[in-house]
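Q: Attaching a predicted model along with its sequence, questions to come.
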Amino acid sequence: MISKEISFKDARQRAEQCLQRELFKIGIHPLVPLLEERYVENSVCWIFFRNRAINIPVEYELKLVAGAAYAISKWGGGLMVKDNLDDDAQLKIQMDRFESIHPAVNPNKFSSVWGIPAPNL
């Protein structure tokens, strides 16, 4: 059974916590907001993007954190995904893909895709 939806504020906070953990692993402790103000949303999730003012050192550019965004499902699950903020076509494809795994349509696929499990799945 799917639990109730989480709020936008809770989803953004989860994304910030995930990004903060990844940045701390590589020794980055930013003094600016972690996430861009811009985000995208559909009926299944929000995708939040790393603040472009946070510089990732060259030696970490190939690591996931440099090109990652954070998709947080409306039910609390989360997944680090490719950051397509600057590519509208790819961002639409990405959002359509998430829409296709809506838990009401296919709950088993939904729970296997999201890296941070949603409660009560």
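A: Looks like it came in fine. Numbering: from 1, shown residues only.

Q: Against M80, how distant is R21?
A: Applying C-beta to C-beta, to the nearest Å, the value for R21 to M80 is 10 Å. Quick note: C-beta positions are derived from backbone N, CA and C, even for glycine.

Q: So which of the two has more stuff around it?
A: Higher neighbour count among R21 and M80: M80, with 18 against 10, using other C-beta atoms under 10 Å.

Q: is it true that that one touches A68?
A: Yes: using C-beta atoms under 8 Å, M80 is in contact with A68, at 4.8 Å.

Q: quick one: the helices in the protein?
A: Under the criterion DSSP state H, the chain contains helices at 8-25, 88-99, 107-113.

Q: could you dump these to CSV with distance to K74?
A: Shown next, in CSV, are those (distance: least, C-beta to C-beta, whole Å):
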stretch, distance to K74
helix 8-25, 8
helix 88-99, 10
helix 107-113, 11
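
Q: Serialize those helices to JSON lines and add fields for mean pLDDT.
A: Output for the helices of the chain, formatted as JSON lines (pLDDT from 0 to 100):
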{"stretch": "helix 8-25", "mean pLDDT": "91"}
{"stretch": "helix 88-99", "mean pLDDT": "90"}
{"stretch": "helix 107-113", "mean pLDDT": "45"}
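
Q: This completes my enquiry, with thanks.
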